[in-house]
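1. no sequence on this one, just coordinates:
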């Protein structure tokens, strides 16, 4: 077990629980919406802790907060770790904040070990990851990675019409460092899985290989409105039963892509609906996901064919409108290997996993070499006040982050006394 | 063809078209909501025509308008014909008004033939049949038949909070004749079918045997909300796919009751729906109908079993809540026979048919011997500005009404000159 660094799990847990007091809800969760007074207090606490760990702190033009631990080669691009401090309206104590405070604990552990790294190490807390106050989600990392112009981001408005720019000023979070063009050697993010896979498999660590591809569609089924009492079944063109047939057909064809292919029909609406009128115009949403773009292409073809087949069999109209798409995002093979090597060296149970949710790391992966570390969350719950994680998993994920980052940054441990 | 009376089709058509000017819409339909200024003008025109036909006119406490042609035996209970003059917000030129003006044409034809009937003949235009301004539909006939207390009816409010009582006063339509306890020998109502059956079969006359039984349910399907991106298909409890399976199962089991059994799922709602969240709570409506109560009982059992089977197969919860029920309403065999005999004598193509929609005759059937005459409507359309009927069908239905009513009332034709 040569050179294996270890974090202080109790210290990290205490920091997580202290941060969870800011915006704590009666239900045991956290409400710390982006750029609110709670977020301001959270940022302040985090910045203080970073300074206490000997780091310098700067904020960029979109409020992304960076803390830097100098490297032996101060001109080298830094190895970046991070996630976000903002939460959902009824969020939990781990989503985002775990990745930020795990990164802080990595620096604290390096300090304890009197370790020197060749490259500088930085921590970033990204602005407005949740998308709960300002859309889109992952806004700060999008601007940083060049996926969204700064001016567009600053002009985004919350539900009360407050722009992100005004919210940054009100929160004292608008910095002067240019948000784009920043050199980064690599980016590592630790996060709770936000799904049930690791827990169900009894796995401590998910070695994340990338983000899956996503496509959204609106499917509109057109029949003929008619009186529920006077129209014989054989004369009907009922959009509801047509949509039901489409849904079951979609479910059946997507099952061929198990276990990675996913399909969700989350919303449905009958226009001008009435209990005793045959549905003439029904729209439902389709969300399909797969880690592989080519497989997602095939899934889309199968979904379209399923809808058209069902419509044709009933004399209904169908229109399938694409709404949004996001390609698959494979992570950097070398960075993923560093995570895998750290897990192996530390002896944790592990499996390769694809990120089902969006993360800042998805934007970073298109900007610099990137990897993620997942830990299980209890019952797979997230975006929920009951969100929870076990202390041993929290510690394990942070040890993995520490050793992967240390390896990437080129660590030298001071000789033991 | 002894004693066959004939109406004047051109005169009836002209009256229909004149009445359709009151509330005429740009789209070729009629908007004559109950107890509005348009309804007042419609009532006034109808009452004038009745007086011109030698009838006396009275209004009861709920605004039902009665016109009376005296019989040889003025103490006998009258044979009543009628329907309603109010329309849907975007209604047509035939729904309701056809039955009222066909009845008027029957009286005009009896006058032309100098016919004397043993029993008096009355025409009624029932208040607020459509239910478009005040709920429920068929309000005036409900009070008349004892299905709804007068005080309840008068207290009903429209969308602006105007009570039916106030609307009756404003319209000058509140009469003093007691609405209940009126003796009626029999009730006949002519109406457009409001469905496609007669037209599809090329049949001129529907001999209506009764109203079908109806039951309404709300089916609530309960799954587990989860993230569309992080939850493998095998862990999901998706209420949407469960509901789709229920719908197709319901459709399949109800097909056993063809052609009379009907099922409609007109409304569906996912609670707290989001495009990328698995549906956890979905409610859909079920409307089932059959002319036979026992068959409807069996249909309900099959629907419940279908829902429970689908839920069990997916580990979902399901609750089936009854909302409303209306039993089957068979019409009076003798009155139906009088209609059938008139059709046969007149030589019209015909078939027995069950009324799919609600009509004032459904309330009357529980109060006195009742029958209805249906004529085809173009494309089965109703509650629509494009609602239409062919002049020959309009004439045929009225000839049937004339001869059935004359037979019931005991007609004596004056010797031809």
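-> Yes, it's here. Computed from a prediction, not measured in an experiment: that's the story for all the values here.
2. For the residue nearest in space to the middle of chain A, list the residues it contacts.
-> Of all residues in chain A, the one closest to the mean position by CA atoms, centre = their mean is residue A:359, 2.6 Å from it. With contacts defined as CB atoms under 8 Å, 6 or more residues apart in numbering or on different chains, residue A:359 is in contact with A:83, A:129, A:138, A:189, A:191, A:211, A:372. The way it works is simple: take the backbone N, C-alpha and C, and place the C-beta from them, glycine included.
3. now residue A:203
-> With CB under 8 Å, 6+ apart, residue A:203 has these contacts: A:197, A:349-351, A:376.
4. if you set the cut-off to 10 Å instead, what comes out?
-> Residue A:203 is in contact with A:193, A:197, A:348-351, A:353, A:374-376, A:393, counting by CB atoms under 10 Å, 6 or more residues apart in numbering or on different chains.
5. That one: helix or strand, and which one exactly?
-> Using DSSP states H and E, residue A:203 sits in no helix or strand.
6. how near is it to chain B?
-> 14 Å (CB to the nearest CB, to the nearest Å).
7. same question, residue A:269
-> Taken as CB to the nearest CB, the span from residue A:269 to chain B is 8 Å.
8. likewise residue A:38?
-> 24 Å.
9. any idea whether that residue is helix, strand or coil?
-> Under the three-state scheme (DSSP: H, G, I helix; E, B strand; the rest coil), residue A:38 adopts helix.
10. Count the residues that sit near it.
-> The tally of other residues near residue A:38 (other CB atoms under 10 Å in any protein chain shown) stands at 20.
11. One more: the one 5 residues further on?
-> One way to gauge burial is a neighbour count; for residue A:43, by other CB under 10 Å, it gives 24.
12. Which helix or which strand is home to it?
-> helix A:37-52.
13. before we move on, what about residue A:215?
-> Assigned by DSSP H and E, residue A:215 belongs to strand A:213-222.
14. List the strands paired with that strand, with their directions.
-> When sheet partners are counted by DSSP bridges, strand A:213-222 sits next to strand A:281-290 (antiparallel), strand A:317-326 (antiparallel).
15. what about the residue of the stretch 201-350 of chain A found nearest chain B, how many neighbours?
-> In the stretch 201-350 of chain A, the residue that lies nearest chain B is residue A:230 (3.0 Å; CB to the nearest CB). By the criterion of other CB under 10 Å, residue A:230 has 24 neighbours.
16. Now do the contacts for it.
-> Neighbour list for residue A:230: B:193-197, B:212, B:262, B:289, B:353-357, B:374, B:377, B:380, B:382 [criterion: CB under 10 Å, 6+ apart].
17. Adding distance to residue B:316 and neighbour count, write the contacts of residue A:359 out as CSV.
-> Below are these laid out as CSV (distance: CB to CB, whole Å; neighbours: other CB atoms under 10 Å in any protein chain shown):
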residue, distance to residue B:316, neighbour count
A:83, 35, 27
A:129, 33, 27
A:138, 33, 25
A:189, 36, 32
A:191, 30, 27
A:211, 30, 27
A:372, 33, 30
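18. nearest to residue A:327, of the residues you listed?
-> When these are ranked by distance to residue A:327 (CB to CB), residue A:211 comes first, at 9.1 Å.
19. Pull the number of nearby residues for the residue nearest to the closest one when sequence neighbours are not counted.
-> Using CB to CB, 6 or more residues apart in numbering or on different chains and skipping the chain neighbours, the partner closest in space to residue A:211 is residue A:329 (4.0 Å). If you count neighbours by other CB under 10 Å, residue A:329 ends up with 23.
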